[in-house]
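>>> Would you be able to build a 3D model of this:
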Amino acid sequence: MEFHVLNALYDLCMMSALLFVGKVIRSKVRFVQKLYIPSALIAGFLGLFLGNQFLDILPFSNEISSYSGILIVVLFGSMFLGSKKKVSFSSMFKNVGDTFLVNGSSEIFQFALFILIGILVLPLIFRGINPAFGLLLPAGFVGGHGTAAAIGSVLAEAGWADSVSIGQTFATIGLIFGIVCGVVLINIGARRGETKIIKDVKSLPDEMLSGLVPEDKSTSFGKCTVYSLSIDPLTWHLALVLMSVGLAYLANMGLKKILPAVSFPTYGLALLCSILIQQVLRLFKLDVYVDKDIVTHIGSSATDYLVAFGVASINVSVVLKYWIPIVVLSVLGMILVVLWFRVISPRFFRSYWFERGIYIFGMSTGVLATGVILLRICDPEFRSGVLEDFGFAWIFLSVLDMLLVSFSPMFILNGWGISYSCALVLLSVHMLVMCKMLFRKNSL
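Residues are numbered from 1 along each chain as shown. Coordinates of the predicted model:
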């Protein structure tokens, strides 16, 4: 079906209606409140079941699966706009080193473990299975649908036509598990007092459960930093965010021409562009006219639609194929990410271990958006600074992503998968040792 601009508008309007319904459900259904299920997640599942894969009531376009990738760029494009802190790349690693090392170690270890399982274990159980099957779990779990498609395409070009569908299936399973199990882990953590922002489930105010703030406790949206006669304050801030997004896509196009074999994450480039724009604003003494609260709300709005469209666009049909080995590996993957969250995170992070750990948990089970939404549940206003730290860390992690995506299929296809995965295990362990030696935990 040919895609028109109106299709995007219709998709946005239908999802907005579902967000409204999701908000009503969140504010009225106690079970949903106790799990801290956000309205965006409810809207996403409503979109999934009312879409063409199930009841076929809502005529979403075929492009809704691409919206999440665009909206995550909007989120990261807003990351540092309005920040009053000066950005210094020389001190960046000192500030977010533990975030990078623990996150990177988690990603590398997942790739290493399941490459080994795919080569050494699966052929003993499932005869004739492709040795690259295990690679597709981390491609889908820690990489998401985009990475699963990238790695699956390489394997498909090498003669394994089913690889793309399998990778997308892992990404789908990881996304659902990450959100559902993540919400459960947050619920348990809040009850145990492990979360720093949400102290205790029983003592939470009703507005945090229902999501409706009483009139006497409501706060302002942000400050009007420009006169509306010249430009509306919201227009001014939205223009800055979209300028950051546009520059990121332009930079990505330029980099593809220079390095066509390398894939650069656009959201990482958007983060860099937001830093650049903030520096330009500071140079012209306009940075004082950018309100961080308004910019944060723009990014949060993008997150709501990102999650809703991400869930609504899950391809259910691919789960039905290769279901036995997929279930086996998925269960192992789920055990790994839960153990990493419960065992590694509290022992290696300097501060806010639960919030940082749940973010990694979300990122390790599907898409970056999962990490963002789980963090938002236990840190609704992003007061911990965890999202900002991960934004900085992604400048380093994006390089790691590119190396894993580029070299993992190549080593397996050339018969070096075992040596390659063993090297990854050593690197993962080394990163944790570095984290323990260089960064000490504090009392947060």
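
>>> show me where the stretch 151-300 of the chain has helices.
Along the stretch 151-300 of the chain, counting by DSSP state H, counting those that start in this stretch, helices occupy 163-192, 206-210, 233-258, 266-283, 292-312.

>>> Mean pLDDT lowest where, among these?
Ranked by mean pLDDT, the helices of the stretch 151-300 of the chain bottom out at helix 206-210, with a mean of 70.

>>> on that earlier part again, for S68, which of the helices of the stretch 151-300 of the chain is the nearest?
S68 sits nearest to helix 292-312 of all these, at 4.1 Å, using CB to CB. Glycine gets a C-beta too; all of them are placed from N, C-alpha and C.

>>> next SSE after the closest one?
Downstream of helix 292-312, the first helix or strand assigned by DSSP states H and E is helix 323-339.

>>> Now render the helices of the stretch 151-300 of the chain as TSV, adding mean neighbour count.
Formatted as TSV, the helices of the stretch 151-300 of the chain follow (neighbours: other CB atoms under 10 Å):
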stretch	mean neighbour count
helix 163-192	22
helix 206-210	14
helix 233-258	17
helix 266-283	20
helix 292-312	23
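
>>> would you turn the ones you listed into JSON lines with distance to F141?
Formatted as JSON lines, the helices of the stretch 151-300 of the chain follow (distance: least, CB to CB, whole Å):
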{"stretch": "helix 163-192", "distance to F141": "4"}
{"stretch": "helix 206-210", "distance to F141": "30"}
{"stretch": "helix 233-258", "distance to F141": "25"}
{"stretch": "helix 266-283", "distance to F141": "18"}
{"stretch": "helix 292-312", "distance to F141": "15"}
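
>>> closest one to V154 among those helices?
V154 lies closest, by CB to CB, to one member of the helices of the stretch 151-300 of the chain: helix 163-192, at 8.2 Å.

>>> which helices and strands sit right next to that closest one?
helix 136-141, helix 144-157, helix 292-312, helix 323-339, helix 353-363, helix 368-378 (3 or more CB pairs under 8 Å, 6 or more residues apart in numbering; DSSP states H and E).

>>> Only alpha carbons, please: show the longest one as CSV.
Yep, that's helix 292-312 we're talking about. Only the C-alpha atoms of helix 292-312 are listed here, as CSV (Å, rounded to 0.1, in the frame of the first residue of the first chain):
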residue,chain,number,x,y,z
LYS,A,292,15.1,22.3,30.6
ASP,A,293,11.7,21.3,31.9
ILE,A,294,9.9,22.0,28.7
VAL,A,295,12.6,20.2,26.7
THR,A,296,12.3,17.2,29.1
HIS,A,297,8.5,17.1,28.6
ILE,A,298,9.0,17.1,24.8
GLY,A,299,11.3,14.1,25.1
SER,A,300,8.9,12.4,27.5
SER,A,301,6.1,12.8,25.1
ALA,A,302,8.2,11.2,22.4
THR,A,303,8.8,8.3,24.8
ASP,A,304,5.1,7.7,25.3
TYR,A,305,4.4,7.4,21.6
LEU,A,306,7.6,5.5,21.0
VAL,A,307,6.6,2.8,23.4
ALA,A,308,3.0,2.7,22.2
PHE,A,309,3.9,2.3,18.6
GLY,A,310,6.7,-0.1,19.4
VAL,A,311,4.4,-2.6,21.1
ALA,A,312,1.5,-2.1,18.6
